[in-house]
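> Make a model of this:
(chains A and B)
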2 protein chains.
Amino acid sequence: MSIATDQRPVILTGDRTTGPLHLGHYVGSLKNRVALQDTCQQFLLLADTQALTDNAGDPEKVRRNVLEVALDYLAVGIDPEKTTICVQSGLPALAELTLLYMNFVTVARLERNPTIKDEIQARGFGRDIPAGFLCYPVAQAADITAFKATLVPVGEDQAPLIEQTNEIVRRLNRQIGRPVLPEAKALIPDMGRLPGVDGKAKMSKSQGNAIPLSATPDEIRDAVRRMYTDPNHLRASDPGTVEGNVVFTYLDAFDDDRATVEELKDHYRRGGLGDMAVKRRLEEILQTLLAPIRERRAALAQELDHVQDVLRTGTQRAKELTQATLDELREALGLFAL
Amino acid sequence: MSIATDQRPVILTGDRTTGPLHLGHYVGSLKNRVALQDTCQQFLLLADTQALTDNAGDPEKVRRNVLEVALDYLAVGIDPEKTTICVQSGLPALAELTLLYMNFVTVARLERNPTIKDEIQARGFGRDIPAGFLCYPVAQAADITAFKATLVPVGEDQAPLIEQTNEIVRRLNRQIGRPVLPEAKALIPDMGRLPGVDGKAKMSKSQGNAIPLSATPDEIRDAVRRMYTDPNHLRASDPGTVEGNVVFTYLDAFDDDRATVEELKDHYRRGGLGDMAVKRRLEEILQTLLAPIRERRAALAQELDHVQDVLRTGTQRAKELTQATLDELREALGLFAL
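Below you'll find the model as predicted:
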């Protein structure tokens, strides 16, 4: 079905290709994407160009992880017949749209972007922020609008990026005099970010507190064992705290048996329930969840030609779509065409 | 002959497509380009993408002037068999290279660029400088390196742009470990900028002090008549000043009979030579220079299909060359390829 006759909403999402995906990605986005591919026209962008904005010194890492992230997608159940998986660097129209949009956004506006401000601080860039990094919200606006996406799943902290996109959209539509580009809505997941196993706010490979989707049974067991609980809950008989206790946070995220989880929380609060007992339950759930993902991933890793084919087909489709948007926009603005 | 087997130096130059070219362009660059096309592999870029960085609100002007500037090129004797004339917006590899290079340049470095500083002031952007304008030196680095140009004719005030290009080249070559991209040299013309007919430092269409290459005989005569001379030279018999006297500056630029020009200067200084006499000489020289250019331009304007063909052929050739550089660089950096 072509994108134009298909009436389902267009959804664009994706990941920077800086490392394999982990459980945080699974609950925060991958699980939703598997569900959304039936009800939306879904595009998944392997964002290798964006990954370079703060990894220019290590392009090999960015390259290698294009296939790693693609394997993760397919392993969790993203179906390339339903979802278009494409590689950002294979879509020249995105670069052209980015340069075009950069003329409609001031430097002062980019510097005010709260997401950028936070990330500059987190990465320690200070004054030496690469121009590409400062401008990546413009590149994201190019990504979103090139697909004419109206739904963009993002974490709550990334909502300002959607606002930036819509500012550009309104600016262009106003100049053109008709709505060539649609505005996009942020789709913020119910579930907040999954904390790292150490209890830190964000699960992240670089923090060493992540459980990757390809984790072996031993890695899963070890990760659960060293998981942060209540540091004052020294003996099983002591009353314990559930809030901020990573094991319970994960049970909330992964255990479908809500009633039992609530019972366990009550028991833990009263005292008499040891950390190990709760961890054993969580470990079993994670082992059950990750075993088939790991197996599918291992099988796919034996067929990299097939994975490459998936990316080639998806990128070709995305190339035509994004080029069509660029052509339409250039014509609407009255730019030169040969 | 392919660019690789051709041993002549590669030269890249061009013009922002914001208005038809004028006499200032003729002496400052066009005349040299006509000479250089025999000794160099010359590429002329119709820089419509760059023109948008400070004309985003008037894309129609930028579009219209692509053909106007192309007509000027052909009218002054640029030979498309010798020089490749191409349209910047038709070369997606330039946008992709720009985004790539933006990761290797800091915002602080771009803000320190003296050319950018001056132009921000001249255009009154202040804090509201468009991101595209701040980054245009990176886009120029992309242009220059995409063609592997080693010679870049620029005005003296633009030499910092070449330095910015070479910084990017060195940064990339260092990371790659071999000289994939060549450094470029600024080719600064002997002749400084031609002043406007009003004596202001720079001839410019927007200042209303320019003589366009397509000027009619009446327009040429009127322009020379209102030309700024020595405001204290009230009667022909008064001694006059030659320095800063636009008529003499133009005679220096356009009159090949050096001896006569020196005699006229002496006479003017002594007194006894009226402005009108000098202006008549200049007018005749300019009429003689511009008549064949204007006629060729008018004839070409009747064959716009031919001009479009020239641009299509040149842009296609440039597209292949610039794409080859992008592919080579991406491979050398170890980026992903489908």
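> My guess is A:P80 contacts A:D309. True?
No - A:P80 is beyond contact range of A:D309, at 9.1 Å (criterion: Cβ atoms under 8 Å). Placement of C-beta: from N, CA and C, glycine included.
> Pick out whichever of the two has more residues nearby.
For the pair A:P80 and A:D309, the greater number of neighbours falls to A:P80 (19 against 13), based on other Cβ atoms under 10 Å in any protein chain shown.
> what's the pLDDT at that one?
Predicted confidence (pLDDT) for A:P80: 98.
> residues in contact with it?
Residues counted as contacts of A:P80 (Cβ atoms under 8 Å, 6 or more residues apart in numbering or on different chains) are A:74, A:310, A:313-314.
> Can you dump the C-alpha atoms of the lowest-mean-pLDDT helix or strand in chain A in PDB for me?
When the helices and strands of chain A are compared on mean pLDDT, DSSP states H and E, helix A:114-123 comes out lowest with a mean of 81. Extracted in PDB, the C-alpha atoms of helix A:114-123 (Å, rounded to 0.1, in the frame of the first residue of the first chain):
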ATOM      1  CA  PRO A 114      16.300  22.700  27.000                       C
ATOM      2  CA  THR A 115      17.100  19.200  25.700                       C
ATOM      3  CA  ILE A 116      20.300  20.500  24.000                       C
ATOM      4  CA  LYS A 117      21.200  22.500  27.100                       C
ATOM      5  CA  ASP A 118      21.000  19.400  29.300                       C
ATOM      6  CA  GLU A 119      22.900  17.200  26.800                       C
ATOM      7  CA  ILE A 120      25.600  19.800  26.400                       C
ATOM      8  CA  GLN A 121      26.100  19.700  30.100                       C
ATOM      9  CA  ALA A 122      25.900  15.900  30.300                       C
ATOM     10  CA  ARG A 123      28.500  15.500  27.500                       C
END
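> Tell me which helix or strand comes right after it.
For helix A:114-123, the following helix or strand on the C-terminal side (DSSP states H and E) is helix A:131-134.
> and that next one, is it in reach of chain B?
Yes - using Cβ under 8 Å from any Cβ of the partner chain, helix A:131-134 reaches chain B at A:131-134.
> which SS state does A:E81 fall under?
coil (DSSP: H, G, I helix; E, B strand; the rest coil).
> ok, it to B:L44 distance?
Distance, A:E81 to B:L44, using Cβ to Cβ, to the nearest Å: 48 Å.
> what helix or strand does A:N173 sit in?
For A:N173, the element it lies in under DSSP H and E is helix A:159-176.
> for that helix, packing partners?
helix A:114-123, helix A:136-146, strand A:185-187, helix A:304-333 (3 or more Cβ pairs under 8 Å, 6 or more residues apart in numbering or on different chains; DSSP states H and E).
> and that helix with helix A:304-333, angle?
40 degrees (axes from the mean of the first three to the mean of the last three Cα atoms, to 10 degrees).
> Name the residues of helix A:159-176 that are buried.
By neighbour count, with 16 or more other Cβ atoms under 10 Å in any protein chain shown as the criterion, the buried positions of helix A:159-176 are A:160-162, A:164-169, A:171-173, A:175-176.
> can you check stretch A:174-188 too?
In stretch A:174-188, counting by 16+ other Cβ under 10 Å, buried: A:175-176, A:180-182, A:184, A:186-188.
> for stretch A:140-160, same thing?
A:140-155, A:158, A:160.
> same deal with stretch A:56-67?
Going by 16+ other Cβ under 10 Å, stretch A:56-67 has these buried residues: A:56, A:59, A:62-67.
> got it, and stretch A:305-318?
A:307, A:310-311, A:314-315, A:318.
> How far does stretch A:197-206 sit from its chain's centre?
15 Å (Cα atoms, centre = their mean, to the nearest Å).
> Output that stretch as CSV, nothing but the C-alphas.
Extracted in CSV, the C-alpha atoms of stretch A:197-206 (Å, rounded to 0.1, in the frame of the first residue of the first chain):
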residue,chain,number,x,y,z
VAL,A,197,20.4,-2.0,37.6
ASP,A,198,22.5,0.3,39.9
GLY,A,199,19.4,2.5,40.6
LYS,A,200,20.7,5.4,38.6
ALA,A,201,18.1,7.3,36.7
LYS,A,202,18.8,5.9,33.3
MET,A,203,19.8,2.6,31.9
SER,A,204,22.7,3.1,29.6
LYS,A,205,25.4,1.0,28.1
SER,A,206,28.0,3.6,28.7
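> Please spell out which residues along that stretch are buried.
Residues A:197, A:203, A:205 are the ones in stretch A:197-206 that count as buried (16+ other Cβ under 10 Å).
> how about TSV for the residues you listed, with secondary structure, distance to B:L99 and pLDDT added?
Output for the buried residues of stretch A:197-206, formatted as TSV (DSSP: H, G, I helix; E, B strand; the rest coil; distance: Cβ to Cβ, whole Å; pLDDT from 0 to 100):
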residue	secondary structure	distance to B:L99	pLDDT
A:V197	coil	36	94
A:M203	coil	29	88
A:K205	helix	25	82
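> domains for chain A, by residue range?
A:10-194+A:304-333, A:214-298 (automatic domain parsing).
> Check these for me and report the most buried one.
Across the domains of chain A, averaging neighbours per residue (mean count of other Cβ atoms under 10 Å in any protein chain shown) puts domain A:10-194+A:304-333 on top, at a mean of 20.
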